[in-house]
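Trainee: need a 3D model of the following:
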Amino acid sequence: MAVTPYKESEAGKKEQVAQMFNNIAPRYDFLNHFLSLGIDTIWRKKAIACLKQENPKLLLDIATGTGDLAITANKILNPDKIIGIDISEGMLSFGREKLVKLNLQDKIQLISGDSENIPFSENYFDAATVAFGVRNFENLDKGLTEINRILKPEGSLVVLEFSKPKTFPIKQIYNFYFNQILPTIGKLVSKDARAYSYLPESVQAFPDGVDFINHLQKAGFKQTYYKTLMFGIASIYYGKK
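Mentor: Next up, the predicted model:
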């Protein structure tokens, strides 16, 4: 059974995820950096660095949120164009405000879009990225197959996602923080009682490590690999069309 933000709701996961991010959009960036102690910024840079040698000119950032990964990609890769898609219009509106402040609205375009029905033709992008978004896909395999479709031959996908540490005492500390501290602070600041309880639940349900590599390969990706970050708190996954 799929893990959803609002268990009492009859809406599908996709609609619930969009509603959740619309609810927390005003405080999302602050909470992201505060709750991760700023480490998420370092992780994004490491994920984008995987594409540096490939020098992609047209990049798609899926589940772009407020555009943090797209902004990082622009700084490190300097492509001709980055398009970010997300199902939450609330997150996109805050992202567009950031782009105007940074004078990046001509380089980065944020549009409404669904990972399972990407509004672009096949063989369109040089590379695609997803940061902390694949676990929110309603249908993981459908989403990954759709990403494969819009990539050019030899195009690359980089995914940054939370994973589950397995070694003592990191596993115990991580579980306590994720299940006790994070939901409490998130609830107080975001005013959404479920959003930051859904986070650890969705991470727990996500097929990380080798299991996710299997999903990538099933979707048609090759030359796949992954590497863990911070004792397994997060992982970077790579695949080539």
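
Trainee: which other helices and strands does the helix or strand of the chain with the lowest mean pLDDT contact?
Mentor: Within the chain, no helix or strand scores below helix 182-190, which has a mean of 87 by mean pLDDT, DSSP states H and E. Helix 182-190 is packed against helix 13-35, helix 195-205, with contacts defined by 3 or more C-beta pairs under 8 Å, 6 or more residues apart in numbering; DSSP states H and E. Using the backbone N, CA and C atoms, a C-beta is placed for each residue, glycine as well.

Trainee: ok, longest strand in this structure?
Mentor: Longest strand in the chain, counting residues (DSSP state E): strand 151-162.

Trainee: what does the helix or strand just after it contact?
Mentor: Heading C-terminal from strand 151-162, the first helix or strand you meet, by DSSP states H and E, is helix 170-176. For helix 170-176, contacts defined as C-beta atoms under 8 Å, 6 or more residues apart in numbering pick out 164-165, 231-233.

Trainee: list the buried residues in helix 170-176.
Mentor: Buried residues in helix 170-176, counting neighbours by 16 or more other C-beta atoms under 10 Å, are found at Tyr174.

Trainee: next one: stretch 127-143
Mentor: Buried residues in stretch 127-143, counting neighbours by 16+ other C-beta under 10 Å, are found at 127-138, 140, 143.

Trainee: and these, which two are the farthest apart?
Mentor: Ala127 and Glu138 (23.6 Å; C-beta to C-beta).

Trainee: touching, Ile233 and Thr167? I think so.
Mentor: No. Taking contacts as C-beta atoms under 8 Å, Ile233 lies outside contact range of Thr167: 11.0 Å.

Trainee: of these two, who's got more company?
Mentor: Counted by other C-beta atoms under 10 Å, Ile233 and Thr167 do not tie: Ile233 has more neighbours, with 21 against 10.

Trainee: from Ile76, how far out is that one?
Mentor: According to C-beta to C-beta, to the nearest Å, Ile233 and Ile76 sit 22 Å apart.

Trainee: same deal with Tyr225?
Mentor: 20 Å.

Trainee: so Ala128: helix, strand or coil?
Mentor: Put simply, Ala128 is strand when judged by DSSP: H, G, I helix; E, B strand; the rest coil.

Trainee: OK, contacts around it?
Mentor: Shown in contact with Ala128 (C-beta under 8 Å, 6+ apart): 59-62, 147, 150-151, 155-158.

Trainee: now Thr72
Mentor: Contacts of Thr72 by C-beta under 8 Å, 6+ apart are 41, 44-45, 48.

Trainee: try 10 Å this time
Mentor: 41, 43-49, 61, 129, 131 (C-beta atoms under 10 Å, 6 or more residues apart in numbering).

Trainee: give me the number of residues near the nearest residue to Asp68 once chain neighbours are set aside?
Mentor: Spatially, and ignoring its direct neighbours in sequence, Asp68 is nearest to Arg44 (6.4 Å; C-beta to C-beta, 6 or more residues apart in numbering). Using other C-beta under 10 Å, the number of residues around Arg44 comes to 21.

Trainee: and Arg44, what element?
Mentor: For Arg44, the host element (DSSP H and E) is helix 39-49.

Trainee: after that helix, which helix or strand is next?
Mentor: strand 58-62.
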